[in-house]
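In: what follows is a predicted protein model with its sequence.
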Amino acid sequence: MSYFAAQVLNGLCLGSIYSLIALGFALVYSILRFLNFAHSEVFTSGAFAGYFTLLALGPHFGPWTRFAVATVVAALAAGSLAVLIERVAYRPLRHMPPVTVLLTAIGVSITLQNIGRIAFSPQTRGYPTLDLPLAPRQVGLAVLAGSFVLLWWLIYRLPAGIRIRAVAENLETARLMGIEPGRVIVLVFFLGGTFAGVAGVVWGLVYGTVQPEMGFLPGLKAFIIAVVGSVGDLRGTLVVGMALGIIEALAAGFLPSSLSALREVIVLSLLLLALMARPNGLFGSSTPVKV
Amino acid sequence: MEFFLYHLTFAGISLLLAQSLNLIWRFDRFSLGHQGFFALGAYSGAILARLWIASVGSSRFAGLAFLVASMVFACAVSTLVAWFLARSLERAQGDAFAVATLIFAEIIRLAVTNTSFVGGGLGFEVPYLVFDNSKDERFAYVALYASLVSVLCMALYWGLRRLDGSVYALYANAVRDDSLAAELSGVDVQRRLQGRVFALGCGVAGMTGAVFLHFTTLIVPADFSFLNSLPIVLSVVLGRLDTRRCTVMTLALYAGLETIKLRFFGLFGPEVGSRIAEWRDAQIGLLLVLSVTGPLLWRRLRGHRGPAGQKVAT
């Protein structure tokens, strides 16, 4: 594989991770109109759940089994954490202004980070390697692509997805139609958390390390991807996330080494510029936000 | 005595940051990037020091002049950048603005981490100005900064209290109530008010950054992380956007956090002290959650169910 193609693959993988986290933000935002800052920690918790599952399974099982079990456990753990956060921290705050809930979410995020630092120590840990016949990036990309298809099918084809879209469109009308918004909100948090958990495992597998504060930067980028990208549907988030991932990978691969250290700065600056140009990507748009 | 003055200076630095952030928040601009402007000021001072501090020599008067010059320079840089940022983010409302400022602060932090001209991740060190930290001069050195910061705090407080009684306080209330209605009644919300207030608040943060640089003489990018700025955000939240309450809360929070950091709770056994210090961030986080949800839960405990006709829980 040529160097360029490898970088593009790298970027696609990174972009899919960003997009998958961003979809969690966008789902919650579309219904509750606030930014769930603690989503970064949900992503981290998924990575750690996968890490401990892989360690616990040991070498007795085949690599594919271990990978599959770790992904499922991570998804369930992250989903449950997201639902728990919703129940404890956000549910008492319905009908409060978004900034109020954002502050609470920051508080939750910091608390979880501290708990993670104490429970798992702040050191960076190496992720267990799996002897898969394919490169980790290819496996990761396949899993992420599968997740997108699954999410797409869920939201656009299944009755639960129709309920989610109805509540996102208009909560009060959906209630009149017999939909229980409370349950849809729990479902949305669970879904967002689940996919963030999958993203966490793939991150660990591809980049090889986990650390309690690893969620901050990917979370921040996913944040803005959700803001800038989600003009109407999942596609916006996906496209912006992919573009960002590829830009970041190419910046890391092709810029001279003095500049490639600044790739995070470049990516964040691009996001800030995008936010300046399109502040209504998701926020404050007069048209109803669809998922 | 030096210990007391040392903490007075740091408390004053927190107070300057909290008051200026409070001012910005009062005008309905929820900035989460205040530490970015604090960093911008500190590193503007660092650039100035890198270029010209060698020419200051050991003269006290020249040192003082250099300190003032770097404060002015840091303030000017931060004000200009903030004004530009506010202008470009005019259309971003509420939480979009909050996230944009947070991103800006991260950009500054990551940029200085990777710039070797200002020391990179290892930090930037400046020589002592005016007085040095030797045994004879330590008191004078700490006292100089303590009085400088106290004067700045008092000036800012005086200005903000004057503002409370002026037409700008009415503007602030009008903008917070309903920004569109305020616009219709002739307040040029975006350009005049919010942009200028943001630039002013960030300018104060930048100036504080320069003071911080020359007081500590060593700055590292981690000093300006989002995590380290949370006590400031928290004191503004606890202050409920009131100048006087914000002052009290900032000082109380600074005292509380320093007590924890200094393992004061070691009185109950060394284990307890370090355990409490270890959980410091979680305490800040929980306090942030409680300061937002607390009043609500309290009201519900006492039997209120929110405004009539509106269900509190869905």
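Out: Thanks, I have the structure now. Numbers count the residues shown, from 1 in each chain, chains lettered A, B, ... in the order given.
In: if we look at the helix or strand containing residue B:233, which residues are touching it?
Out: Taking DSSP states H and E as the criterion, the element that holds residue B:233 is helix B:226-238. With CB atoms under 8 Å, 6 or more residues apart in numbering or on different chains as the test, helix B:226-238 has contacts from A:103, A:106, A:110, A:113, A:216, B:14, B:17-18, B:21-22, B:25, B:32, B:34-35, B:38, B:102, B:105-106, B:222, B:245-246, B:249-250, B:253-254, B:257, B:281, B:284-285, B:287-288, B:291-292. In short, each C-beta sits where N, CA and C put it, glycine included.
In: how about stretch A:144-151?
Out: Identification of contacts with stretch A:144-151 by CB under 8 Å, 6+ apart yields A:13, A:16-17, A:19-20, A:23, A:191, A:195, A:198-199, A:202, A:234, A:238.
In: kindly export the helix holding residue B:233 (C-alpha atoms) in PDB.
Out: Output in PDB follows, covering the C-alpha atoms of helix B:226-238 (Å, rounded to 0.1, in the frame of the first residue of the first chain):
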ATOM      1  CA  PHE B 226      -9.600  23.800  31.100                       C
ATOM      2  CA  LEU B 227      -9.400  21.800  34.300                       C
ATOM      3  CA  ASN B 228      -7.400  24.400  36.100                       C
ATOM      4  CA  SER B 229      -9.800  27.100  35.100                       C
ATOM      5  CA  LEU B 230     -12.900  25.300  36.500                       C
ATOM      6  CA  PRO B 231     -12.600  27.000  40.000                       C
ATOM      7  CA  ILE B 232     -13.000  30.300  38.200                       C
ATOM      8  CA  VAL B 233     -16.100  29.100  36.300                       C
ATOM      9  CA  LEU B 234     -17.400  27.600  39.500                       C
ATOM     10  CA  SER B 235     -17.000  30.800  41.500                       C
ATOM     11  CA  VAL B 236     -18.900  32.700  38.800                       C
ATOM     12  CA  VAL B 237     -21.700  30.100  38.900                       C
ATOM     13  CA  LEU B 238     -21.800  30.200  42.700                       C
END
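In: tell me the helix or strand right after it.
Out: For helix B:226-238, the succeeding helix or strand toward the C-terminus, using DSSP H and E, is helix B:243-261.
In: show me what that next one packs onto, helices and strands only.
Out: Applying 3 or more CB pairs under 8 Å, 6 or more residues apart in numbering or on different chains; DSSP states H and E, we find helix B:243-261 packed against helix B:2-26, helix B:138-164, helix B:226-238, helix B:270-278, helix B:280-301.
In: the last one vs chain A: in contact?
Out: The reference is to helix B:280-301. Yes. Legend: contact between helix B:280-301 and chain A by CB under 8 Å from any CB of the partner chain is shown at B:280-282, B:284-289, B:292-293, B:296-297, B:300.
In: show me what contacts the closest residue to residue A:264 other than its chain neighbours?
Out: Spatial nearest neighbour of residue A:264, excluding adjacent residues (CB to CB, 6 or more residues apart in numbering or on different chains): residue B:110 at 5.0 Å. Listed by CB under 8 Å, 6+ apart, the contact set of residue B:110 reads A:262, A:264, A:265, A:268, B:221.
In: of all these, which two lie farthest apart?
Out: A:268 and B:221 (14.4 Å; CB to CB).
In: where does pLDDT dip in the chain?
Out: Just going to use chain A. Within chain A, the stretches with pLDDT under 70 are A:1, A:230-233, A:260, A:279-291.
In: switch to chain B, please.
Out: In chain B (pLDDT under 70), the answer is B:186-192, B:264-266, B:303-314.
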